[in-house]
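Colleague: sequence and predicted structure are below.
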Amino acid sequence: MPPLILTRLAPSTYYIPSPSNVGMYVNDNEAILIDSGNDKEAGRQILKILKERNRELSLIINTHSNADHIGGNEFLQKRTGCRIAATAMEAALTEHPVLESTILNGAYPHKRLRNKFLLAKPSLVTDIIPNNNPVLDTQLNAVPLPGHFLDMIAVQTPDNVLFTADSIISEEILSKYHIHFLYDVKAHFETLEMLKKREDKLFVPSHGKPVGLHEFKDLVNFNEQKIRENIDVVLNSTMTAATSEEILALVCNHYSIELNANQYVLIFSTVRSILSYLLDDNQVDIIYNSGRMLWRKL
Ligand SMILES: [Zn+2]
(Lines give C-alpha, C1' and ligand atoms only; values in the text may rest on other atoms or scores of the structure.)
Protein backbone atom coordinates (compact mmCIF):
# COMPACT_ATOMS: atom_id res chain seq x y z
CA MET A 1 0.00 0.00 0.00
CA PRO A 2 1.46 3.46 -0.92
CA PRO A 3 1.92 5.82 2.07
CA LEU A 4 -1.30 7.47 3.21
CA ILE A 5 -1.35 11.27 3.39
CA LEU A 6 -3.53 13.53 5.50
CA THR A 7 -5.30 16.22 3.45
CA ARG A 8 -7.02 19.26 4.93
CA LEU A 9 -10.51 20.01 3.60
CA ALA A 10 -11.68 22.74 6.00
CA PRO A 11 -10.37 24.31 9.27
CA SER A 12 -10.98 21.22 11.43
CA THR A 13 -11.90 18.60 8.83
CA TYR A 14 -9.38 16.36 7.09
CA TYR A 15 -9.41 13.19 5.08
CA ILE A 16 -6.96 10.49 4.20
CA PRO A 17 -7.39 9.53 0.54
CA SER A 18 -7.19 5.77 0.12
CA PRO A 19 -9.16 3.05 -1.70
CA SER A 20 -11.67 3.63 1.08
CA ASN A 21 -11.36 7.26 2.23
CA VAL A 22 -11.01 7.97 5.94
CA GLY A 23 -12.39 11.20 7.40
CA MET A 24 -10.92 13.03 10.39
CA TYR A 25 -12.31 15.79 12.58
CA VAL A 26 -9.97 17.42 15.08
CA ASN A 27 -10.75 19.34 18.22
CA ASP A 28 -7.71 20.53 20.23
CA ASN A 29 -5.51 17.42 20.46
CA GLU A 30 -8.34 15.02 19.96
CA ALA A 31 -9.16 13.30 16.67
CA ILE A 32 -12.33 11.55 15.58
CA LEU A 33 -12.20 9.25 12.57
CA ILE A 34 -14.96 8.58 10.10
CA ASP A 35 -14.30 4.95 9.12
CA SER A 36 -10.90 3.34 9.51
CA GLY A 37 -9.72 2.21 6.09
CA ASN A 38 -9.40 -1.09 4.28
CA ASP A 39 -7.33 -3.15 6.65
CA LYS A 40 -4.78 -3.40 9.44
CA GLU A 41 -2.12 -1.71 7.30
CA ALA A 42 -4.41 1.31 6.82
CA GLY A 43 -4.91 1.35 10.60
CA ARG A 44 -1.16 1.25 11.17
CA GLN A 45 -0.57 4.20 8.83
CA ILE A 46 -3.46 6.20 10.33
CA LEU A 47 -1.97 5.73 13.80
CA LYS A 48 1.41 6.98 12.51
CA ILE A 49 -0.27 10.09 11.05
CA LEU A 50 -2.03 10.75 14.38
CA LYS A 51 1.18 10.32 16.39
CA GLU A 52 3.19 12.64 14.12
CA ARG A 53 0.60 15.34 14.81
CA ASN A 54 0.18 14.61 18.52
CA ARG A 55 -3.46 13.82 18.09
CA GLU A 56 -5.20 11.39 20.35
CA LEU A 57 -7.77 9.13 18.75
CA SER A 58 -10.91 9.29 20.89
CA LEU A 59 -13.54 7.82 18.59
CA ILE A 60 -14.12 6.03 15.29
CA ILE A 61 -17.56 6.58 13.77
CA ASN A 62 -18.26 3.82 11.27
CA THR A 63 -20.58 4.81 8.44
CA HIS A 64 -21.40 1.12 7.92
CA SER A 65 -19.86 -2.27 8.52
CA ASN A 66 -18.47 -3.31 5.11
CA ALA A 67 -14.95 -4.68 5.63
CA ASP A 68 -13.31 -1.87 3.65
CA HIS A 69 -14.75 0.71 6.10
CA ILE A 70 -14.02 -1.03 9.41
CA GLY A 71 -10.73 -2.67 8.35
CA GLY A 72 -8.53 -0.53 10.62
CA ASN A 73 -10.89 -0.70 13.66
CA GLU A 74 -9.33 -3.65 15.44
CA PHE A 75 -5.73 -2.40 15.15
CA LEU A 76 -6.58 1.18 16.15
CA GLN A 77 -8.79 0.16 19.08
CA LYS A 78 -6.17 -2.30 20.37
CA ARG A 79 -3.45 0.38 20.22
CA THR A 80 -5.40 3.40 21.45
CA GLY A 81 -8.40 2.07 23.38
CA CYS A 82 -10.61 4.37 21.27
CA ARG A 83 -14.39 4.17 21.38
CA ILE A 84 -16.24 2.95 18.28
CA ALA A 85 -19.72 4.20 17.36
CA ALA A 86 -22.10 2.62 14.84
CA THR A 87 -25.83 2.16 14.25
CA ALA A 88 -27.31 -1.00 15.79
CA MET A 89 -27.45 -3.28 12.72
CA GLU A 90 -24.04 -2.17 11.45
CA ALA A 91 -22.66 -2.67 14.99
CA ALA A 92 -23.80 -6.31 14.95
CA LEU A 93 -21.73 -6.95 11.81
CA THR A 94 -18.75 -4.94 13.11
CA GLU A 95 -18.61 -7.10 16.21
CA HIS A 96 -19.36 -10.30 14.25
CA PRO A 97 -17.90 -9.73 10.76
CA VAL A 98 -18.66 -13.28 9.65
CA LEU A 99 -22.27 -12.07 9.33
CA GLU A 100 -21.28 -9.96 6.30
CA SER A 101 -20.03 -12.89 4.22
CA THR A 102 -22.90 -15.02 5.59
CA ILE A 103 -25.46 -12.44 4.43
CA LEU A 104 -23.78 -12.10 1.04
CA ASN A 105 -23.52 -15.83 0.49
CA GLY A 106 -26.90 -16.62 2.05
CA ALA A 107 -25.18 -19.64 3.56
CA TYR A 108 -22.05 -20.60 5.41
CA PRO A 109 -19.25 -18.69 3.63
CA HIS A 110 -16.72 -21.06 2.05
CA LYS A 111 -12.99 -20.45 2.41
CA ARG A 112 -12.68 -18.33 -0.75
CA LEU A 113 -15.10 -15.81 0.80
CA ARG A 114 -13.18 -15.59 4.05
CA ASN A 115 -10.77 -12.90 2.84
CA LYS A 116 -10.06 -9.34 4.00
CA PHE A 117 -12.40 -7.78 1.43
CA LEU A 118 -15.43 -9.48 2.98
CA LEU A 119 -14.22 -10.39 6.45
CA ALA A 120 -12.67 -7.76 8.73
CA LYS A 121 -11.32 -8.51 12.20
CA PRO A 122 -13.97 -8.09 14.93
CA SER A 123 -13.88 -4.88 16.98
CA LEU A 124 -15.93 -3.70 19.95
CA VAL A 125 -18.65 -1.13 19.25
CA THR A 126 -18.71 0.82 22.52
CA ASP A 127 -21.58 3.11 21.47
CA ILE A 128 -24.72 2.25 19.51
CA ILE A 129 -25.92 5.49 17.92
CA PRO A 130 -29.13 6.51 16.15
CA ASN A 131 -28.85 7.10 12.41
CA ASN A 132 -29.53 10.84 12.79
CA ASN A 133 -28.75 13.72 15.18
CA PRO A 134 -25.46 14.52 16.92
CA VAL A 135 -23.11 11.59 17.43
CA LEU A 136 -22.74 11.17 21.22
CA ASP A 137 -21.34 14.37 22.77
CA THR A 138 -19.41 15.37 19.61
CA GLN A 139 -20.15 18.25 17.25
CA LEU A 140 -20.64 15.76 14.41
CA ASN A 141 -24.04 14.83 13.02
CA ALA A 142 -25.22 11.51 11.64
CA VAL A 143 -27.47 11.59 8.57
CA PRO A 144 -29.37 8.42 7.59
CA LEU A 145 -28.40 6.89 4.22
CA PRO A 146 -30.51 3.73 3.88
CA GLY A 147 -30.08 1.72 0.68
CA HIS A 148 -26.49 0.63 0.11
CA PHE A 149 -26.38 -1.42 3.28
CA LEU A 150 -28.39 -2.18 6.42
CA ASP A 151 -28.32 1.17 8.26
CA MET A 152 -25.54 3.29 6.77
CA ILE A 153 -25.00 6.91 7.84
CA ALA A 154 -23.30 10.00 6.48
CA VAL A 155 -21.34 12.14 8.92
CA GLN A 156 -21.44 15.93 8.81
CA THR A 157 -18.74 18.02 10.47
CA PRO A 158 -19.25 21.58 11.81
CA ASP A 159 -17.18 22.78 8.80
CA ASN A 160 -20.11 21.72 6.62
CA VAL A 161 -18.29 18.78 5.12
CA LEU A 162 -20.49 15.74 4.56
CA PHE A 163 -18.87 12.30 4.42
CA THR A 164 -21.32 10.43 2.22
CA ALA A 165 -20.01 6.86 2.68
CA ASP A 166 -21.11 4.56 -0.17
CA SER A 167 -24.34 6.38 -1.07
CA ILE A 168 -22.62 8.01 -4.03
CA ILE A 169 -19.83 6.45 -6.07
CA SER A 170 -17.47 8.38 -8.33
CA GLU A 171 -18.28 8.57 -12.03
CA GLU A 172 -14.92 6.97 -12.81
CA ILE A 173 -15.60 3.88 -10.67
CA LEU A 174 -19.23 3.50 -11.78
CA SER A 175 -18.27 3.79 -15.46
CA LYS A 176 -15.64 1.10 -14.99
CA TYR A 177 -17.59 -1.40 -12.85
CA HIS A 178 -21.18 -0.48 -13.91
CA ILE A 179 -22.90 -2.05 -10.94
CA HIS A 180 -22.33 -1.10 -7.31
CA PHE A 181 -23.52 -3.03 -4.30
CA LEU A 182 -27.08 -2.20 -3.34
CA TYR A 183 -29.24 -3.71 -0.59
CA ASP A 184 -32.54 -1.77 -0.57
CA VAL A 185 -33.21 -0.13 -3.94
CA LYS A 186 -36.33 1.81 -2.92
CA ALA A 187 -34.65 3.23 0.19
CA HIS A 188 -31.60 4.11 -1.90
CA PHE A 189 -33.71 6.17 -4.33
CA GLU A 190 -35.14 8.03 -1.31
CA THR A 191 -31.59 8.62 -0.06
CA LEU A 192 -30.62 10.07 -3.45
CA GLU A 193 -33.64 12.44 -3.32
CA MET A 194 -32.54 13.55 0.17
CA LEU A 195 -28.96 14.10 -1.03
CA LYS A 196 -30.17 16.29 -3.93
CA LYS A 197 -31.51 18.72 -1.31
CA ARG A 198 -28.33 18.95 0.80
CA GLU A 199 -26.57 22.29 0.89
CA ASP A 200 -23.23 21.31 2.44
CA LYS A 201 -20.02 22.93 1.21
CA LEU A 202 -18.09 19.79 0.44
CA PHE A 203 -19.04 16.15 -0.06
CA VAL A 204 -16.61 13.27 0.48
CA PRO A 205 -17.64 9.89 -0.94
CA SER A 206 -15.76 6.89 0.47
CA HIS A 207 -14.74 5.86 -3.02
CA GLY A 208 -13.83 8.93 -5.07
CA LYS A 209 -12.63 12.50 -4.69
CA PRO A 210 -14.26 15.23 -2.56
CA VAL A 211 -16.61 17.42 -4.62
CA GLY A 212 -18.33 20.77 -4.20
CA LEU A 213 -22.10 21.29 -4.16
CA HIS A 214 -22.63 21.71 -7.91
CA GLU A 215 -20.52 18.74 -8.89
CA PHE A 216 -22.14 16.66 -6.16
CA LYS A 217 -25.64 17.23 -7.57
CA ASP A 218 -24.38 16.06 -10.99
CA LEU A 219 -22.85 13.00 -9.34
CA VAL A 220 -26.10 12.12 -7.55
CA ASN A 221 -27.89 12.31 -10.91
CA PHE A 222 -25.24 10.16 -12.55
CA ASN A 223 -25.59 7.54 -9.79
CA GLU A 224 -29.36 7.57 -10.15
CA GLN A 225 -29.19 7.10 -13.93
CA LYS A 226 -26.74 4.24 -13.55
CA ILE A 227 -29.02 2.42 -11.07
CA ARG A 228 -32.02 2.94 -13.36
CA GLU A 229 -29.91 1.44 -16.15
CA ASN A 230 -29.01 -1.54 -13.87
CA ILE A 231 -32.72 -2.05 -13.13
CA ASP A 232 -33.55 -1.99 -16.88
CA VAL A 233 -30.85 -4.56 -17.60
CA VAL A 234 -32.24 -6.86 -14.87
CA LEU A 235 -35.84 -6.32 -16.00
CA ASN A 236 -34.96 -7.05 -19.65
CA SER A 237 -33.36 -10.28 -18.47
CA THR A 238 -36.76 -11.49 -17.22
CA MET A 239 -38.56 -11.22 -20.61
CA THR A 240 -38.28 -14.99 -20.71
CA ALA A 241 -38.71 -16.64 -17.31
CA ALA A 242 -35.25 -17.08 -15.80
CA THR A 243 -33.62 -18.14 -12.54
CA SER A 244 -31.70 -15.59 -10.46
CA GLU A 245 -28.44 -17.11 -11.61
CA GLU A 246 -29.46 -16.97 -15.29
CA ILE A 247 -30.31 -13.29 -14.79
CA LEU A 248 -26.91 -12.73 -13.17
CA ALA A 249 -25.27 -14.28 -16.24
CA LEU A 250 -27.23 -11.95 -18.57
CA VAL A 251 -26.25 -8.91 -16.47
CA CYS A 252 -22.56 -9.93 -16.47
CA ASN A 253 -22.72 -10.53 -20.20
CA HIS A 254 -24.30 -7.12 -20.77
CA TYR A 255 -21.57 -5.30 -18.84
CA SER A 256 -18.70 -7.72 -19.74
CA ILE A 257 -18.11 -8.48 -16.05
CA GLU A 258 -15.69 -11.29 -15.20
CA LEU A 259 -16.67 -12.92 -11.92
CA ASN A 260 -14.52 -14.09 -9.03
CA ALA A 261 -15.56 -15.30 -5.57
CA ASN A 262 -16.15 -11.79 -4.14
CA GLN A 263 -17.69 -10.28 -7.26
CA TYR A 264 -20.07 -13.24 -7.57
CA VAL A 265 -21.63 -12.74 -4.13
CA LEU A 266 -21.64 -8.93 -4.33
CA ILE A 267 -23.20 -8.65 -7.79
CA PHE A 268 -25.53 -11.63 -7.29
CA SER A 269 -26.82 -10.09 -4.06
CA THR A 270 -27.39 -6.74 -5.82
CA VAL A 271 -29.20 -8.44 -8.73
CA ARG A 272 -31.47 -10.23 -6.24
CA SER A 273 -32.10 -6.96 -4.38
CA ILE A 274 -33.14 -5.39 -7.70
CA LEU A 275 -35.43 -8.37 -8.36
CA SER A 276 -36.99 -7.89 -4.88
CA TYR A 277 -37.55 -4.23 -5.74
CA LEU A 278 -39.17 -5.17 -9.08
CA LEU A 279 -41.44 -7.75 -7.43
CA ASP A 280 -42.53 -5.24 -4.73
CA ASP A 281 -43.23 -2.79 -7.58
CA ASN A 282 -45.34 -5.45 -9.40
CA GLN A 283 -43.07 -5.43 -12.46
CA VAL A 284 -42.06 -9.09 -12.22
CA ASP A 285 -43.55 -12.25 -10.79
CA ILE A 286 -42.12 -15.49 -9.42
CA ILE A 287 -42.93 -18.94 -10.75
CA TYR A 288 -41.87 -22.12 -8.95
CA ASN A 289 -41.32 -24.85 -11.51
CA SER A 290 -39.57 -28.25 -11.26
CA GLY A 291 -37.39 -27.26 -8.35
CA ARG A 292 -36.49 -23.88 -9.85
CA MET A 293 -37.59 -20.38 -8.92
CA LEU A 294 -38.10 -18.27 -12.04
CA TRP A 295 -38.58 -14.53 -12.41
CA ARG A 296 -40.77 -13.29 -15.27
CA LYS A 297 -41.62 -9.78 -16.41
CA LEU A 298 -45.29 -8.89 -15.97
ZN1 LIG B 1 -17.19 0.85 0.54
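Modeller: The structure has been received and is ready for your questions. The structure displayed is predicted, hence computed values, not measured ones.
Colleague: pull the contacting residues for the nearest residue to residue 125 once chain neighbours are set aside.
Modeller: Distances taken as Cβ to Cβ, 6 or more residues apart in numbering put residue 91 closest to residue 125, at 3.9 Å, once the chain neighbours are dropped. Where C-beta positions appear, they are placed from N, C-alpha and C, glycine not excepted. Residue 91 is in contact with 65, 125, 128, counting by Cβ atoms under 8 Å, 6 or more residues apart in numbering.
Colleague: could you report the distance from the last one to the ion?
Modeller: Using Cβ to the ion, to the nearest Å, we find residue 128 at a distance of 21 Å from the ion.
Colleague: flag every residue of this structure that's near the ion.
Modeller: Within the chain, the residues that sit near the ion (Cβ under 5 Å from the ion) are 66, 68, 166, 206.
Colleague: the residue nearest to residue 258 when sequence neighbours are not counted: what's it in contact with?
Modeller: The shortest distance from residue 258 to any non-neighbouring residue, by Cβ to Cβ, 6+ apart, is to residue 252 (7.8 Å). For residue 252, the contacting residues are 258-259, 267, by Cβ under 8 Å, 6+ apart.
Colleague: how near is the residue nearest to residue 125 to residue 139?
Modeller: Residue 91 is 22 Å from residue 139, where distance means Cβ to Cβ, to the nearest Å.
Colleague: between the contacts of residue 252, which is nearest residue 181?
Modeller: residue 267 (8.1 Å; Cβ to Cβ).
Colleague: and that closest one, what pLDDT?
Modeller: pLDDT, residue 267: 98.
Colleague: is it true that it touches residue 248?
Modeller: Yes - the pair residue 267 and residue 248 passes the contact test of Cβ atoms under 8 Å, sitting 6.7 Å apart.
Colleague: doesn't the residue nearest to residue 125 belong to a strand?
Modeller: No - looking at residue 91 with DSSP: H, G, I helix; E, B strand; the rest coil, it is helix, so not inside a strand.
Colleague: just give me the longest helix of the protein.
Modeller: For the chain, the helix with the greatest residue count under DSSP state H is helix 213-236.
Colleague: for that one, packing partners?
Modeller: Where contact means 3 or more Cβ pairs under 8 Å, 6 or more residues apart in numbering; DSSP states H and E, helix 213-236 is packed against helix 171-177, helix 185-196, strand 202-205, helix 244-255, helix 261-280.
Colleague: what about these, which gets the closest to residue 231?
Modeller: Minimum separation from residue 231 across the helices and strands packed on helix 213-236 (Cβ to Cβ) falls at helix 261-280, 5.6 Å.
Colleague: tell me the helices and strands packed up against that closest one.
Modeller: Using 3+ Cβ pairs under 8 Å, 6+ apart, helix 261-280 sits against helix 98-105, helix 185-196, helix 213-236, helix 244-255, strand 284-289, strand 292-297.
Colleague: state the distance from residue 71 to the ion.
Modeller: Counting by Cβ to the ion, the gap from residue 71 to the ion is 10 Å.
Colleague: show the end-to-end separation of stretch 134-147, please.
Modeller: Using Cα to Cα, to the nearest Å, the end-to-end distance of stretch 134-147 comes out at 21 Å.
Colleague: show me what counts as buried in that stretch.
Modeller: Neighbour counts using 16 or more other Cβ atoms under 10 Å place 135, 138, 140-147 of stretch 134-147 among the buried residues.
Colleague: swap in stretch 272-292?
Modeller: Residues 272-275, 277-278, 284 are the ones in stretch 272-292 that count as buried (16+ other Cβ under 10 Å).
Colleague: what's the closest of these to residue 48?
Modeller: Scanning these for proximity to residue 48, where the rule is Cβ to Cβ, the winner is residue 273, at 38.6 Å.
Colleague: model confidence over stretch 38-50, on average?
Modeller: 96.
Colleague: repeat that for stretch 222-236.
Modeller: The model assigns stretch 222-236 a mean pLDDT of 98.
Colleague: for that stretch, the distance to its chain's centre please.
Modeller: 19 Å (Cα atoms, centre = their mean, to the nearest Å).
Colleague: coming back round to it: would you list the contacts of residue 91 in TSV and tack on pLDDT, secondary structure and neighbour count?
Modeller: Output for the contacts of residue 91, formatted as TSV (pLDDT from 0 to 100; DSSP: H, G, I helix; E, B strand; the rest coil; neighbours: other Cβ atoms under 10 Å):
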residue	pLDDT	secondary structure	neighbour count
65	98	coil	27
125	98	coil	25
128	98	strand	13
